[in-house]
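*Asks:* Give me a 3D structure for the following:
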Amino acid sequence: MTIHTMTPEQELVYLREQNAKYKAQAERQAKARISIKVSDKGGVSVYGLGRFPVTLYRSQWERLLAMTPDIVDFIETNAHLLASKE
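*Replies:* This is a model prediction of the structure:
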């Protein structure tokens, strides 16, 4: 059955299903996008990890990034205790 041979009720159901499918797809894509911007106060803001951006100043990011091996080790050691959010 094509959209042209549907009753108005069937067409409405079909369009609602399509709309829900496209909304879910857009939400998945929005969650997958991570972007970086300079904040108004000169910090580095990372968007797309959660509801709010993660904003740190340059020196804070540098200190955090220098700890990358320690953070990776910590995550691996404590993997059984950590939750994961997709």
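
*Asks:* and the worst-scoring helix or strand of the chain on mean pLDDT, what other elements does it pack with?
*Replies:* Among the helices and strands of the chain, helix 8-32 carries the lowest confidence by mean pLDDT, DSSP states H and E, at a mean of 85. In terms of contacts (3 or more Cβ pairs under 8 Å, 6 or more residues apart in numbering; DSSP states H and E), helix 8-32 is not packed against any helix or strand. Heads up, the C-betas are built off the backbone N, CA and C, glycines and all.

*Asks:* following that helix, which helix or strand comes up?
*Replies:* Tracing the chain C-terminally past helix 8-32 and defining elements by DSSP states H and E, one meets strand 35-38 next.

*Asks:* Sort out which residues of that following strand are buried, please.
*Replies:* Using 16 or more other Cβ atoms under 10 Å as the test for burial, strand 35-38 gives no buried residues.

*Asks:* mind giving me the domain split of this structure?
*Replies:* Under the assignment named as automatic domain parsing, the residue ranges that make up the domains of the chain are 1-32, 34-80.

*Asks:* Please state the offset of the first one from the chain centre?
*Replies:* In this case it means domain 1-32. 23 Å (Cα atoms, centre = their mean, to the nearest Å).

*Asks:* ok, G50 to I34 distance?
*Replies:* As judged by Cβ to Cβ, to the nearest Å, G50 and I34 stand 11 Å apart.

*Asks:* One more: Y14?
*Replies:* Y14 is 34 Å from I34, by Cβ to Cβ.

*Asks:* more crowded one of the two?
*Replies:* In terms of neighbours (other Cβ atoms under 10 Å), Y14 is the more surrounded of Y14 and I34; the figures are 13 against 9.
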